[in-house]
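Provided below for reference: sequence and predicted model.
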Amino acid sequence: MSRSRGAASVGDASTVRDVARLAGVSPATVSRVIGGTYPVAEATRAKVLEAMRELDFVVNAHARALGGATNNTVAFVVDDVTGPFYAHIARGVEEQAAAEGRLCMLCTTHGDPQRVLDVVEAMREQRADAVIVVGGAWDERSYQDRMTHFAHALDRAGSRLVLVGRPPLGPGVPATVVEYDNEGGACAMTMHLLSSGHRRIAYVGAVPGLSTSAERLAGFRRAHEALGVEPDPDLVVPGEFTRSFGYRAAQSLLASKKDFTAVFAGTDMVAAGVVQAFRQAGVRVPEDVSVAGYDDIPLAIDVHPALTTVAVPLEEMGRDAVRLALRRKDMAERQHKVFGTHVVIRDSVRAPGAARV
């Protein structure tokens, strides 16, 4: 294609008007090609794209957003990128995003509910194809209302809110939900401990106001009820999903002289901290106290003894989160998927022995 007079030199910062001159069309036509929101004749579209290539024209993201188009990115919103739970879901998200021709943008919130809202709002403004929020939801009405608002706003913009590992926002809310049988997994693990003969089980890592923790604690209690065993509320230890918390909680349990034969930790990371504290105190696992975790992250087999835990299909959840969101027009009836969980029996649980804490 020959260059029209007045067009910018190759390598200069080109504008929509430069592209229009070179293609022999109006600036409005160029904008329509960039935005992709209005029909343009294929021959005209080809001329505009050729001019853009020749001028090395880079589409301004803000201008594209104003035109109503998404920006071929998938935003992945997590509390902590270093957490193994999030890292394995992230791997699935990134792999599927690449397969779908999308870039993956990582955003961290450090466990701050307001930060989650701020990030989702920013990604809405950037017109991400999907905004994938991972991890438990906070039990606050204002938080839920804002997330519902963003779900509708993203939908109107041609994007999608995706909730991974958290419950739906409610009927009629346009969001993709990929979760797992969280309560069922906790119930199955507690049943395994109770069936092994444990009657005094400490639950360590009950995070107040977090849906993930509430569901796991519900499963813990449901198993006790099913077998007619009354759980001791003094053995439910509120805290965080961290290794350091598990370590401190185990020390506190030992110092309290409370009677217990097993610990069900809210996550594998919490369980690792519990095992470390017991080892340092001379308490043997599982001979003196059994320990179980949740998530089945790679750390679970590195802990000594290898950790009995609940397996969650993390990478599969990440892949499906992207696939369902980007193909939602073809999968309109499959926008809520629940994965199963199962107990993985290793070496950290056994029937109660003669020794007691």
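That came in fine, so what should we check first? Residues are numbered from 1 along each chain as shown.

so V162, which state does it fall into?
strand (DSSP: H, G, I helix; E, B strand; the rest coil).

that one contacts M123, doesn't it?
No - at 11.2 Å, V162 and M123 do not qualify as touching, with contact defined as Cβ atoms under 8 Å. From N, CA and C alone the C-beta is placed, and that goes for glycine too.

what touches both of those two?
Common neighbours of V162 and M123 are listed as V131 (criterion: Cβ atoms under 8 Å, 6 or more residues apart in numbering).

confidence score at S9?
You'll see S9 listed with a pLDDT of 42.

next, A265: phi, psi?
Phi and psi for A265, reported as degrees, to the nearest 10, are phi -90, psi 140.

quick one, phi/psi of the spatially most central residue of the chain?
Of all residues in the chain, the one closest to the mean position by Cα atoms, centre = their mean is V134, 1.9 Å from it. Dihedral pair for V134: phi -110, psi 140, per degrees, to the nearest 10.

wait, isn't it in contact with V77?
Yes - the pair V134 / V77 is scored as a contact, 6.6 Å apart, by Cβ under 8 Å.

quick one: the helix or strand that contains A218 to chain centroid distance?
Per DSSP states H and E, A218 falls inside helix 211-226. Chain-centre distance of helix 211-226: 21 Å, with Cα atoms, centre = their mean, to the nearest Å.

what is the mean pLDDT for that helix?
Rounded mean pLDDT across helix 211-226 is 97.

what helices or strands is it leaning on?
helix 182-195, strand 201-206 (3 or more Cβ pairs under 8 Å, 6 or more residues apart in numbering; DSSP states H and E).

one more time with 10 Å, if that's ok
Counting contacts by 3 or more Cβ pairs under 10 Å, 6 or more residues apart in numbering; DSSP states H and E, helix 211-226 packs against strand 175-180, helix 182-195, strand 201-206, strand 236-238, strand 262-265.

mind listing what's buried along it?
The neighbour-count check on helix 211-226 (16 or more other Cβ atoms under 10 Å) flags 211-217, 219-224 as buried.

where does the stretch 1-150 of the chain dip in pLDDT?
1-13, 35-38, 58-70 (pLDDT under 70).

quick one, domains of the chain?
16-66, 73-180+314-339, 182-312 (automatic domain parsing).

first-to-last residue distance for the longest one?
Looking at domain 73-180+314-339, the gap from its leading to its trailing residue is 25 Å under the measure Cα to Cα, to the nearest Å.

where do the contact lists of V134 and V77 overlap?
86, 109, 162, 164 (Cβ atoms under 10 Å, 6 or more residues apart in numbering).

got these as TSV, with neighbour count and distance to R127 columns?
Converted to TSV, these look like this (neighbours: other Cβ atoms under 10 Å; distance: Cβ to Cβ, whole Å):
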residue	neighbour count	distance to R127
Y86	24	24
T109	20	20
V162	29	15
V164	25	21
